[in-house]
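> Prediction below, plus the sequence it came from.
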Amino acid sequence: MLDPLVLRLFLVLSLFSAALKAGPLADAINTLDMQLLAATYSDGKIDRLLEDAGSELPASDRRAAAVLVTLGVLRPADLDHPPRAQKKIQAYLEIVARNHPARLGRVGDAGLLLALDRDWQHDELVDDRLVEILAAGLTSGVITGYDVRRQGIYDGFAPGGTLIYSHSSRLHLKQLLALLAAEGLSAWVYATPKTAAFLYREEWGTQSNGIRILNSGVRIIEGQEIAVLFRFDSSDDRGRFHELILKYAKRDSKDETGLIASAWWQPFYYTDAPLAGFEPISLVILGYGGLEATLTVLEARTGAVVNAFRDSAVSQRIQRVWVNPAFHRFLKGDFK
C-alpha cells in the first residue's frame with residue numbers, strides 16, 4: 001500500500017505537467033500540511049512577502065505562494081517564471097517525501113550551521129579488517145588514498161546536479177556555507193561523516209596533523225572528515241561553487257591571506273556530470289560490512305586498482321565522476 005504522503009506527492013506532480021496556474025500552488029501547500037498556517041496570512045503579509053510578483057494569480061494561490069516563499073521553496077521572482085517555479089516546487093516535494101537521513105537543509109537556512117555541531121559518530125566507520133585491506137593498497141602504491149563512509153549513503157540522487165565536497169574542519173564548512181549564502185547560491189545540503197587516509201606530500205610541511213607511518217615507511221595522513229553533498233537548484237551553480245573555492249578556499253602559498261578557515265592546498269570535490277575544467281576519474285567503491293571505501297583513481301589506473309582488490313573480501317563497483325583540477329593534480333603527484 002502506498003504511503004499517503006507519496007500518493008499525494010504523485011497527484012501534485014501530475015498537476016504540474018501543465019504551466020503554473022490556479023490550483024497547483026495550493027495543492028503543494030496541502031501536500032506539505034501547511035493549510036492552517038496559510039489561513040493565518042493576512043492580505044498585507046501576503047503582499048509584503050510576494051512584493052510585486054504573482055499579481056495575476058487568484059487569491060488562493062497568492063496565499064499559497066506566500067507560504068512557499070516563507071518556507072524557502074520559492075523566491076517571489078519565481079512566480080513570474082512558471083517553468084522555474086514548477087521545477088523548484090517539484091524538487092522540494094520530492095526531497096521532502098524522500099526524507100533522506102543525511103539532509104541538513106538549504107543554503108541560507110538559519111539553523112544550517114548549527115546542524116554541523118552534532119556528534120558525527122566517526123567511530124562507527126572503523127572496521128579493522130577493512131583498514132587492513134586498504135593499508136595494503138597504500139603500502140603497495142596502488143592507491144593514493146581512500147575514504148570510508150556508510151554504504152550507499154549518497155546513492156540514488158538524480159544525476160547531473162550534485163557535487164560532493166569534503167573537509168575535516170567544521171569551522172571551514174560553516175564559513176563555506178555562509179559564503180555560498182552570501183553569494184546567492186541555491187542548494188540543498190546533505191552531510192555524512194567519513195574517515196579518510198591519503199599519501200602525505202613533503203611539500204605540505206610538518207604542520208600537518210594526523211601523520212602516520214606505515215610498516216613500509218610510507219607516510220599517510222589520517223583523519224575524520226565530513227562529506228557534504230550539494231544538490232544545486234541550477235547546474236550553473238556548480239561552476240560558481242568552483243570559482244568561489246578557487247578564490248576563497250584554496251591555498252596557493254603559505255602566507256596567502258583572504259581565505260576562509262583551514263583552506264587546503266588541494267581541496268577535494270567532485271561532481272556526477274561534466275563541468276568545465278574538471279577531469280574525469282574513477283571512483284572504485286569497495287563495500288564491506290555496511291561500509292564503503294571510496295578510492296579516487298585516474299582512469300588509466302582503474303583496471304590495476306580493481307585487480308589489486310579482486311581477491312579481497314570486498315564487493316566492487318565503479319563510478320565515473322569529474323574532479324576539481326587541484327585534486328586531479330594531487331592524483332598525478334603534485335602538491336598544489
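Perfect, thanks for sending it. Numbers count the residues shown, from 1 in each chain.

> contacts, neighbours, all on C-alpha from now
Fine.

> Residues in contact with the helix or strand harbouring residue 130: which ones?
Secondary structure from DSSP states H and E places residue 130 in helix 128-140. Here helix 128-140 makes contact (Cα atoms under 8 Å, 6 or more residues apart in numbering) with 143, 144, 145, 146, 199, 214, 216, 218, 288, 308, 312.

> Show me how the record splits this protein into domains.
Following the assignment in automatic domain parsing, the chain carries domains at 4-99, 115-331.

> I'd like to know which of those domains is closest to residue 107.
Smallest distance to residue 107 across the domains of the chain (Cα to Cα): 5.7 Å, for domain 115-331.

> Look at the closest one and report the distance between its end residues.
Using Cα to Cα, to the nearest Å, one end of domain 115-331 lies 32 Å from the other.

> Give the rounded mean pLDDT of it.
Averaged across domain 115-331, the pLDDT comes to 93.

> Give me the secondary structure label for the residue most central in space within the chain.
By Cα atoms, centre = their mean, the chain has its centre lying nearest to residue 229, at 1.0 Å. Three-state assignment for residue 229 (DSSP: H, G, I helix; E, B strand; the rest coil): strand.

> which parts of the longest helix along the chain are buried?
Using DSSP state H, we find that the single longest helix of the chain is helix 82-98. Buried residues in helix 82-98, counted by 16 or more other Cα atoms under 10 Å: 82, 84, 85, 86, 88, 89, 90, 91, 92, 93, 97.

> which residue sits closest to the second one, ignoring its sequence neighbours?
To tie it back to what came earlier, the one meant is residue 84. Nearest non-adjacent residue to residue 84, counting by Cα to Cα, 6 or more residues apart in numbering: residue 78, 6.3 Å away.

> Let me know how buried that neighbour is, in neighbour terms.
19 (other Cα atoms under 10 Å).

> same question, residue 136
Residues lying near residue 136 (other Cα under 10 Å) number 16.

> now the one 10 residues further on
When counting by other Cα under 10 Å, one arrives at 25 neighbours for residue 146.

> That one sits in which helix or strand?
Assessed by DSSP H and E, residue 146 sits inside strand 145-150.

> Please identify the pairing partners of that strand and their relative orientation?
Using DSSP bridges, the strands paired with strand 145-150 in its sheet are strand 187-199 (antiparallel), strand 291-298 (antiparallel).

> can those go into TSV with extra columns for mean neighbour count and distance to residue 33?
Shown next, in TSV, are the strands paired with strand 145-150 (neighbours: other Cα atoms under 10 Å; distance: least, Cα to Cα, whole Å):
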stretch	mean neighbour count	distance to residue 33
strand 187-199	22	21
strand 291-298	23	36
